[in-house]
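1. based on what follows, work out the 3D shape:
(chains A and B)
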Amino acid sequence: MKLTSKVAKLICGARDRKLFDKALKQQYDGLYRIAYAWCHQSAIAQDLVQETMLKALENQEDLDSLQHLKAWLVKIMRNMFLDEMRFKNRWQWVEETEIDQHHCAQCSESELLKSQRNELLYRAMAQLPFEQREAITLVDLQGFSYQEIADITATPVGTVMSRISRGRQRLKNLLEHDLHPKVVSIRRI
Amino acid sequence: MSTKASIQDYQLQAYVDNQLGVEERLELEQLMAEDSEIERQVQQLSTLKSQLKQAYADVSVPPQNLHQNAPKSFWSVPKSAAAALLLGVLIGSSFSTLNSNQAANSALVAQAAQSEKFIIHVDTDDQIKQFAAVQKIADLYQQKGEQIQVDVITNSEGVRLFDVNNASSEELATLLDKYPKLTLFACQRALQRASDKGEKINLIPQVQHDKPAVDAMAERLNSGWNYIKI
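-> Numbers count the residues shown, from 1 in each chain, chains lettered A, B, ... in the order given. So this is what the prediction gives:
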């Protein structure tokens, strides 16, 4: 291939990359919220999202269509999260009395109540087994279908439904009766 | 058809998650209308779902600034990916293709605000085009200032632009002295082919020639450089 043809190909590639970069940027907030719901530590959530985006850039040829970008990114992030937890031992589950707060000073009673309610929900979510928390996060925060969650997590749809059902039941119990002051969270080691 | 007795928890979950088919959905809505307990359960699930969604929507998302608090592994990825991320995701990637034969100066000024790196590509030994390339270097530095990076990449017959005996060599030497961020690059393969044919090319000492031009070009294009073909 002549160099001019190769350059033309590179230019087309660069345009595709520009589209990809733009689409990737649009997914940042959603990914961060999922990551935060998984680990409830803002610094770790940030790391996870950053590394997910870098990995996505490295492997963007593997994505068949931008329509599937969100599910593809979540799958990358999930694998990375589990790798870090299970194999690399970079993070570990620990019991914490605090989880990262995302709320600054509140200026009204209603906002304070909202903040407290959110805090209870975060704490309850943090006590769920990861598989249940993951399934609930994906269906409630991002609106993935059961089938999409099954594809992302490589589990049967029935298992996904069971995780969602059991997770919500446990959440309900925690919020109504049984919320322990300590939460299970993760820390770098 | 489902009945009040046979209704399963997973069906209620699937209803609030909008995962039921039309028929199942209508059946369940009929049961809800007949049984307030089923309606209450669905309402509870729906409330929990919306509360969770709202609680995490309230999480403030830190800005996409990978320069700060970057994880260690950020730096272990290939430079092209890191560069693409930094240029593309964080500040919006800029890529332009300009033809020196066009009146592109105004576009160039606009592009330069986003990217201050330029490739000038020469693949011919046509003297007029080679003069134009040298003139383009001078023009860019005059318009943009000394801080911009300009890499002149030559291949094929274009490598002769960097021969010390070329008509433009003195001017190139002057530009190299004047602008520290000017780099000259000759294609390794083109030099090898010339050598194989017994053609002697005495390169200006500052010329880099350690890789094929296409590789040098790809590195820069992947990092958002502006491309100018002479």
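2. so who does residue 157 touch?
-> Picking chain A for this. With contact set as CB atoms under 8 Å, 6 or more residues apart in numbering or on different chains, A:Val157 has these partners: A:Tyr146, A:Gln147, A:Ala150. All C-beta atoms are positioned from the backbone trio N, CA, C, and that covers glycine.
3. I was thinking of chain B, sorry if that wasn't clear
-> Applying CB under 8 Å, 6+ apart, the residues contacting B:Glu157 are B:Asp123, B:Thr124, B:Asp125, B:Ala190.
4. and the strands in chain A?
-> All strands of chain A, identified by DSSP state E, fall at A:91-96, A:183-188.
5. in contact with B:Leu203, which residues?
-> B:Phe162, B:Asp163, B:Val164, B:Ala186, B:Leu191, B:His209.
6. same check, this time on A:Leu69
-> A:Ala23, A:Leu24, A:Gln27, A:Leu63.
7. just want the phi and psi numbers for the third one.
-> Right, A:Gln27. Here is the backbone geometry of A:Gln27 (degrees, to the nearest 10): phi -90, psi -10.
8. likewise B:Lys229?
-> Main-chain torsions, B:Lys229, degrees, to the nearest 10: phi -100, psi 130.
9. how near is the closest residue to it other than its chain neighbours to B:Ile128?
-> Closest residue to B:Lys229 apart from its sequence neighbours, by CB to CB, 6 or more residues apart in numbering or on different chains: B:His121 at 5.0 Å. From B:His121 across to B:Ile128, the span is 16 Å (CB to CB, to the nearest Å).
10. give me the more crowded residue out of those two.
-> Shown here are B:His121 and B:Ile128; by other CB atoms under 10 Å in any protein chain shown, B:His121 has more neighbours (22 against 9).
11. and the strand or helix carrying B:Lys129, does that touch chain A?
-> Assessed by DSSP states H and E, B:Lys129 sits inside helix B:127-144. No - if you take CB under 8 Å from any CB of the partner chain as the test, helix B:127-144 misses chain A, and the best it gets is 13.6 Å.
12. elements contacting that helix?
-> Other helices and strands packing on helix B:127-144, by 3 or more CB pairs under 8 Å, 6 or more residues apart in numbering or on different chains; DSSP states H and E, are helix B:105-112, strand B:117-122, strand B:149-154, helix B:169-178.
13. nearest to A:Ala43, out of these?
-> Each of those has some distance to A:Ala43 by CB to CB; the shortest is strand B:117-122, at 32.9 Å.
14. now that closest one: buried residues?
-> For strand B:117-122, the neighbour count (16 or more other CB atoms under 10 Å in any protein chain shown) marks B:Lys117, B:Phe118, B:Ile119, B:Ile120, B:His121, B:Val122 as buried.
15. and which of those residues is nearest to chain A?
-> B:His121 (7.0 Å; CB to the nearest CB).
16. tell me the pLDDT of A:Asn59.
-> With respect to pLDDT, A:Asn59 has a value of 85.
17. to clarify, my last question referred to A:Thr97.
-> Per-residue pLDDT puts A:Thr97 at 46.
18. next one: B:Ala82
-> pLDDT at B:Ala82 comes out at 40.
19. list the helices and strands the lengthiest helix in chain B packs on?
-> In chain B, taking DSSP state H as the definition, the longest helix is helix B:36-57. Applying 3+ CB pairs under 8 Å, 6+ apart, we find helix B:36-57 packed against helix A:28-39, helix A:109-126, helix A:157-173, helix B:9-16, helix B:22-34.
20. list the buried residues for it?
-> Neighbour-count burial for helix B:36-57 [16+ other CB under 10 Å]: B:Ile38, B:Gln41, B:Val42, B:Leu45, B:Leu48, B:Lys49, B:Gln51, B:Leu52, B:Lys53, B:Ala55, B:Tyr56.
21. ok so, going back, got a PyMOL select line for the buried ones in the contacts of B:Leu203?
-> In PyMOL syntax, the buried subset of the contacts of B:Leu203 is picked out as below (16+ other CB under 10 Å):
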select buried, chain B and resi 162+163+186+191+209
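22. out of the contacts of B:Leu203, which sit inside strands?
-> Under the assignment DSSP E, the contacts of B:Leu203 contribute B:Ala186 to strands.
23. now do stretch A:68-83, average pLDDT.
-> 92.
24. equivalent analysis for stretch A:172-180, please.
-> In this model, stretch A:172-180 has a mean pLDDT of 75.
25. and what of stretch B:133-152?
-> Across stretch B:133-152, the average pLDDT comes to 89.
26. quick check: B:Ile20 touching B:Leu28?
-> You called it Ile, but residue B:20 is Leu. Yes - B:Leu20 lies in contact with B:Leu28 (CB atoms under 8 Å); the separation is 6.7 Å.
27. which neighbours do those two have in common?
-> B:Gln11.
28. wait, B:Ala55 sits on A:Gln116?
-> No - judged on CB under 8 Å, B:Ala55 makes no contact with A:Gln116 at a distance of 10.9 Å.
29. show me the two of the buried residues of strand B:117-122 that sit farthest apart.
-> Maximum pairwise distance among the buried residues of strand B:117-122 (CB to CB): 17.1 Å, between B:Lys117 and B:Val122.
30. B:Val122: what's it in contact with?
-> B:Val122 neighbours (CB under 8 Å, 6+ apart): B:Lys129, B:Gln130, B:Ala133, B:Val152, B:Ile153, B:Thr154, B:Gly158, B:Leu161, B:Ile230.
31. can I have the buried ones of those residues as a ChimeraX selection?
-> Here is the ChimeraX selection string for the buried members of the contacts of B:Val122, based on 16+ other CB under 10 Å:
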select /B:129,130,133,152,153,154,158,161,230
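32. now do the residue in chain A that chain B sits nearest to: how many residues are near it, please.
-> Per CB to the nearest CB, A:Asp21 is where chain A lies closest to chain B, at 3.3 Å. Using other CB under 10 Å, the number of residues around A:Asp21 comes to 22.
33. ok, B:Ile230 to B:Gln147 distance?
-> From B:Ile230 across to B:Gln147, the span is 23 Å (CB to CB).
34. residue ranges with poor pLDDT in the chain?
-> I'll assume chain A. Residue ranges of chain A with pLDDT under 70: A:1-15, A:86-110, A:178-189.
35. wrong one, I was asking about chain B
-> Ranges of chain B meeting pLDDT under 70: B:1-6, B:65-115.
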